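1. A predicted structure for the sequence below; I have some questions about it.
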Amino acid sequence: MAFTYQPLQDSRRHIRLLQIDGHDAAADRISCSIVHDSLDNDPEFTALSYVWGDPSQPRTILLQGQEVNVTRNLYFALERLAKFPKSRVSQLWIDALCINQADDEEKGHQVQLMGTIYSSATQVLIWLGPADDASVDALRQLGLLGTSFEDVEAREDSGPVVRQAFVKTVLDLSGTRINFAHIQSLFKRPWWTRVWVVQEALLARQAYVLVGDHAQDWKHIRRAWSAFEWMILYVDTDPEYRPVYEVLSDVYFKIAHFTHGDGPGSGTRKSMSLFEAVFYSAASGAVQSTDPRDRIYGLLGLLDDRDRARIPVDYSREMTLEKILFFTTKALIEDHGPDVLSYRRTTSLSAGAPGWTVDWTVKMISTIGGFNFGSNHYDASNGRVWSLSTAFDATFENPTIRLSGVVVGHVKKTGSILRSTADSPSYIQDCKSWLLELEDLVRSNFEDGAAKEEIVQNVWRVPIADMGLVERAKPDDGFAEAYRILTEAVKPPPDVAQGDWISSETWPYRRVWKVYGHRAFVLDTAEEAPGLGPDCVCPGDMVVIFCGSHVPFVVRENSQGCSLIGPAYAYGYMDGEAFEDIVAKHGLRDIQLC
């Protein structure tokens, strides 16, 4: 029989708190009770952050004298919590037991309250699961790295030189005293991939990580991540540490969404913007949830009141994930303008959502434009400022939006897609073939010799969308030379292994390629400019620049307006060179996306 919850007096402010009354290890039985309280009373309690775990093999506890099933992972956590003295842990907030999961209305209210719950808790205990030798060692090493790097940062002469010296010392110990494989193993535990834990950790006043009977202060782990950042920068330039680089990159990629804000204990943690929250979640590609709607709901506690109110929390069947993504994308476009559309790509949810909706639940990939991929280095609309208009009054049932902009031209011809990966034996040859096809695409589509030569000399910019790692590409970056090496216009030195030399010399260029997931094209404009667009771009598609956008977009005309295909790079149109000329000749037009 299911446990019967007494209704909360007001589920918008009242919460249930759990008390562990006893643990009979011999009988393998944990007894608990529940009390109600209001957050307005500022109650003292500890919040648990954990992963529910596999529900197929539950364990039983007593709650108010009734048998209640909990997952094995939660049972192990309760066993550990029962060992704490009452003076340390007297009352607990645990979502699985303190929220009536069968009551959608209560659950919706409590989800909106979770940010307040975790920021109000006296402490947050992060349960990673039972201990083993590797996890205990990793926890110890993270604590040592964190405290040591904190000391380095506190030095009066702390700067890049001092920090690099510290990093070099740590790396030299990587084969003896520091085991990065153990650290990587710890970060493979399921807790790091659960969407809810992001707010649970970041909102905590004080947090501790538990592995079995072992604990580590969360702030020391955060400082260790800061050391990881410096290590990644260092080892990326030194082939000797390539294995360490692979491990640290894997670890840091999984925890990127935890690195925002000042963290527990500082008392100054600032709210995330809606964009920051969804981007960090999608960029890591690591966060998961049982209910896919929680990929968005689980981040709301990190937002300020205004942003939180714009995303309705509703667990009814009518509120689908597609609707939530629609509300999220609409809110982001209202705030940031058309550049948000740079993140749109086709996913399994695309068929059920308006064509311009961004799926923030899939792993983010590098794209052309986008705030985190260099869009501020472009200025396709020549400084035009995004302004919200009544034309953006869209609903899920009638999702058409109208954006003002110009038409650059139509796609005349497209190239092929580079599908070869770096571990393929034919990879370098495949890269050469793709680049030569691009060059042929450019050379074969216009007559003017002077214009043709100018574009051909700059065709190396197309595969990288004219962007280096952090700024616009320049010829002296070596990218143009790398292009010539890949196309064999430049030959390797004598007595040098050709494949290895080409791979080494062109790595900085290939590292910033936007080729994957994209297809080259030429436009039907007078200069027949080349470009790079989504892999599904087709002849006849239209390239447009929206007012307020930093990059052009490919759209496809249909009977109702246009379908959004995705962002694009178009040579000669990225810095507003032609935008005002087009406006002067043809004026602005409303482009209707549906």
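-> Perfect, I can see it now. Numbers count the residues shown, from 1 in each chain.
2. how about low-confidence regions in the chain?
-> Scanning the chain for pLDDT under 70 picks out 1, 174-177, 234-242, 253-254, 256-257, 259-270, 283-287, 371-375, 389-392, 445-451.
3. now for Gly108, how many residues are close by?
-> Counted by other C-beta atoms under 10 Å, the residues lying close to Gly108 total 19. To be clear about C-beta, it is placed using only N, CA and C from the backbone, and glycine gets the same treatment.
4. ok, then the element right after the host helix or strand of it?
-> Element membership of Gly108 [criterion: DSSP states H and E] is helix 104-120. Note on helix 104-120: by DSSP H and E, the next helix or strand toward the C-terminus is strand 123-129.
5. show me what the top helix by length along the chain is packed up against.
-> Longest helix of the chain, by residue count under DSSP state H: helix 133-154. With contacts taken as 3 or more C-beta pairs under 8 Å, 6 or more residues apart in numbering; DSSP states H and E, helix 133-154 sits against helix 160-172, helix 180-186, strand 207-211, strand 214-217, helix 218-235.
6. mind exporting it as CSV, just the C-alpha atoms?
-> Coordinates of the C-alpha atoms in helix 133-154 are reproduced here as CSV (Å, rounded to 0.1, in the frame of the first residue of the first chain):
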residue,chain,number,x,y,z
ASP,A,133,39.7,2.4,-3.2
ALA,A,134,39.7,4.5,-6.4
SER,A,135,37.0,6.9,-5.2
VAL,A,136,38.5,7.4,-1.8
ASP,A,137,41.9,8.1,-3.4
ALA,A,138,40.3,10.5,-5.9
LEU,A,139,38.4,12.4,-3.2
ARG,A,140,41.7,12.8,-1.2
GLN,A,141,43.6,14.0,-4.3
LEU,A,142,40.9,16.5,-5.3
GLY,A,143,41.1,17.9,-1.8
LEU,A,144,44.8,18.2,-2.0
LEU,A,145,44.8,19.8,-5.4
GLY,A,146,42.0,22.2,-4.4
THR,A,147,43.7,23.4,-1.2
SER,A,148,47.1,23.6,-2.9
PHE,A,149,45.8,25.7,-5.8
GLU,A,150,43.9,27.9,-3.4
ASP,A,151,47.3,28.6,-1.7
VAL,A,152,48.9,29.4,-5.1
GLU,A,153,46.1,31.8,-6.0
ALA,A,154,46.4,33.6,-2.6
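7. before we move on, the earlier item: looking at the helices and strands packed on helix 133-154, which is nearest to Tyr118?
-> strand 207-211 (9.3 Å; C-beta to C-beta).
8. who does the closest one pair up with?
-> strand 123-129 (parallel), strand 214-217 (antiparallel) (DSSP bridges).
9. domain map for the chain?
-> Domain assignment for the chain by automatic domain parsing gives 14-121, 366-417+517-594, 420-513.
10. so which residues of the stretch 401-550 of the chain form helices?
-> Remark: helices assigned in the stretch 401-550 of the chain by DSSP state H, counting those that start in this stretch are 427-443, 449-457, 479-486, 498-511.
11. could you pull out the helices for the stretch 201-350 of the chain?
-> Counting by DSSP H, counting those that start in this stretch, the helices of the stretch 201-350 of the chain are 218-235, 242-255, 274-284, 294-297, 305-309, 321-336.
12. can you tell me which residues contact the closest residue to Asp10 other than its chain neighbours?
-> The shortest distance from Asp10 to any non-neighbouring residue, by C-beta to C-beta, 6 or more residues apart in numbering, is to Ser38 (7.6 Å). By C-beta atoms under 8 Å, 6 or more residues apart in numbering, the contact list for Ser38 reads Gln9, Asp10, Arg13, His14, Ile15.
13. out of those, which is most surrounded?
-> Ile15 (22 neighbours).
14. quick one: the strands in the stretch 451-594 of the chain?
-> Taking DSSP state E, counting those that start in this stretch, the strands of the stretch 451-594 of the chain run over residues 518-523, 530-534, 542-546, 553-558, 561-567, 569-570, 589-593.
15. most packed of those strands?
-> The highest average neighbour count among these, using mean count of other C-beta atoms under 10 Å, belongs to strand 569-570 at a mean of 28.
16. walk me through which strands that strand pairs with, and which way each runs.
-> Strand pairing for strand 569-570, using DSSP bridges, gives strand 530-534 (antiparallel).
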